[in-house]
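In: When you get a sec, could you give me coordinates for this:
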Amino acid sequence: MAKALKTAAELTALINAELSKHEVCIHTSVEGISPIADERIDHNWTCKFLRRSGTPPSPECQQMLATVVRELQQKYDLGAEE
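Out: Alright, predicted model coming up:
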């Protein structure tokens, strides 16, 4: 079954909304979504993150981000910007 398509902006908003629900990620936001062109994997995008205060994200937040991204990669593919 094909995945639903989301723009980079939509994926960024979904990830940021999910991260904001967790205390360990309160000052962390996604910097951008990057396309992946590798037929061997089942998703076509990944993301970068940025700690707003300028410090690296905590290991707990990094794990939370990885979990959120994996879940969204299973549901959505990166589509063209509208």
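
In: I36 is in contact with H43, isn't it?
Out: Yes - between I36 and H43 a contact is recorded at 6.8 Å, counting by C-beta atoms under 8 Å. C-betas here are computed from N, CA, C, even on glycine.

In: which residues do those two both contact?
Out: Counting by C-beta atoms under 8 Å, 6 or more residues apart in numbering, I36 and H43 have no contacts in common.

In: between these two, who's got more neighbours?
Out: Neighbour tally, I36 and H43, criterion other C-beta atoms under 10 Å: the higher count belongs to H43, 17 against 12.

In: which phi and psi does that one have?
Out: Phi and psi for H43, reported as degrees, to the nearest 10, are phi -140, psi 160.

In: Wait, a helix at Q63?
Out: Yes - counting by DSSP: H, G, I helix; E, B strand; the rest coil, Q63 is found in a helix.

In: Show me which residues of the helix or strand of the chain with the lowest mean pLDDT are buried.
Out: Least confident helix or strand of the chain, by mean pLDDT, DSSP states H and E, is strand 45-51 with a mean of 82. Neighbour-count burial for strand 45-51, counted by 16 or more other C-beta atoms under 10 Å, picks out 45, 47, 49.

In: possible to save those residues as a markdown table with distance to E10?
Out: Converted to a markdown table, those look like this (distance: C-beta to C-beta, whole Å):
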| residue | distance to E10 |
| --- | --- |
| W45 | 11 |
| C47 | 12 |
| F49 | 17 |
